[in-house]
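S.K.: following is a predicted model, sequence given first.
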Amino acid sequence: MQAFHPFRDLRGQDPVAVRSQAFALARDLHPGQTAGLLVAEEPTLLMQSVNLQVRHRLHWEAEPMAAGGWRVELRHRDDVEPGTLMELLGRDHERLDRLFAEALHRVNANDVPTAAPLLDSYTLGLRRHVHVENLILAPALEVPREPVTVMLEEHERIVEQLDILASFFEDGLPAAGEVAPFFALLSGSLAKHEAREEQNLFPLWDAALKLRHAEAEQAALLERVKGILAGSEDDRLSH
Ligand SMILES: [Fe+2]
Ligand SMILES: [Fe+2]
């Protein structure tokens with residue numbers, strides 16, 4: 001606990017102030033840093049909504065204090081191994097986002113030679129990610145059809161758009177102006193797709209996992225997906 005001192009004491013504050021201060025602390029937390037809060041009410045709902053606002057960058061733990069109120073410890077998520085499958089996939093979304101954003105940035109700066117290998121890494125990462133979602137999780141986890149159907153259709157469109165983009169690179173490097181519009185288009189579809197998945201599908205998958213799969217099974221699936229995202233089943237990728 002000592003590492004988290006000083007705890008910011010919000011116990012006497014109204015809920016709006018508590019929320020905005022907790023958000024400010026979470027927003028400014030970088031890898032390697034810790035922060036702490038003291039709050040009057042049980043903090044699960046508060047911390048879940050703050051965590052949503054910072055796109056799940058937060059790892060937090062809370063414990064009740066003998067004198068009343070709760071002590072909450074905050075860390076940057078990157079300092080903690082992903083504990084659930086959805087956390088792992090959410091982090092992979094962000095990693096892929098950063099990679100694609102960097103490739104887009106290079107193309108916009110007219111630097112296609114350094115954008116090309118970033119696009120290659122991105123494409124491989126996306127194929128692994130889609131493999132996990134389409135072929136491992138969708139068949140294994142029983143949830144309402146609609147968000148799954150939306151996901152599968154969007155994956156197809158994304159893979160199609162990536163194929164079009166890749167075709168520009170087949171016979172040497174294209175001019176930045178030729179590919180920039182495709183990068184911009186794809187970047188928009190990706191962001192929307194990931195947000196939809198994280199909002200509509202991941203909570204259902206998470207609940208299905210916890211409800212119908214024993215802990216050992218969940219842990220085995222988590223390890224398998226970690227492996228796939230790192231390349232362990234690249235010989236079986238379909239796209
Ligand atoms: Fe997806
Ligand atoms: Fe995804």
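M.R.: That came through fine. Note that the structure is a prediction, hence the values are computed from the model and not measured. Ligands and ions are numbered 1, 2, ... in the order given.
S.K.: and the helix or strand hosting residue 120, what does it pack onto?
M.R.: Assignment of secondary structure by DSSP states H and E places residue 120 within helix 112-131. Helix 112-131 sits against helix 85-108, helix 145-167, helix 215-229, with contacts defined as 3 or more CB pairs under 8 Å, 6 or more residues apart in numbering; DSSP states H and E. Quick note: C-beta positions are derived from backbone N, CA and C, even for glycine.
S.K.: quick one, phi psi at the residue in the chain sticking out farthest from the centre?
M.R.: What lies farthest from the middle of the chain is residue 67; by CA atoms, centre = their mean that is 36.9 Å. Dihedral pair for residue 67: phi -80, psi 0, per degrees, to the nearest 10.
S.K.: ok, it to ligand 1 distance?
M.R.: 46 Å (CB to the ion, to the nearest Å).
S.K.: tell me the residues of the protein that contact ligand 1?
M.R.: 133, 197 (CB under 5 Å from the ion).
S.K.: the same query, at a cut-off of 6 Å, please.
M.R.: Contact residues (CB under 6 Å from the ion) of the chain with ligand 1: 133, 151, 155, 193, 197.
S.K.: ok, the last one touching residue 152?
M.R.: No: when contacts are counted by CB atoms under 8 Å, residue 197 is not listed as touching residue 152 (11.1 Å).
S.K.: the two: which is more packed in?
M.R.: residue 197 (21 against 13; other CB atoms under 10 Å).
S.K.: now do the nearest residue to the more buried one once chain neighbours are set aside, the pLDDT please.
M.R.: In this structure, residue 197 finds its nearest non-sequential neighbour in residue 151, 6.0 Å apart by CB to CB, 6 or more residues apart in numbering. Looking at residue 151, its pLDDT stands at 95.
S.K.: quick one: the helix holding residue 120 to helix 85-108, angle?
M.R.: 160 degrees (axes from the mean of the first three to the mean of the last three CA atoms, to 10 degrees).
S.K.: gap between the helix or strand just after helix 112-131 and the chain center?
M.R.: Remark: after helix 112-131, the chain's next helix or strand is helix 138-140, criterion DSSP H and E. Here helix 138-140 is found 20 Å from its chain centre; the criterion is CA atoms, centre = their mean, to the nearest Å.
S.K.: buried residues, helix 138-140. List them.
M.R.: Across helix 138-140, burial judged by 16 or more other CB atoms under 10 Å covers residue 138.
S.K.: for stretch 55-75, same thing?
M.R.: 56-60, 62, 69-75.
S.K.: contact partners for the spatially most central residue of the chain?
M.R.: The centroid of the chain falls nearest to residue 90 when counting by CA atoms, centre = their mean (2.0 Å). Counting by CB atoms under 8 Å, 6 or more residues apart in numbering, residue 90 makes contact with 55-56, 198, 202.
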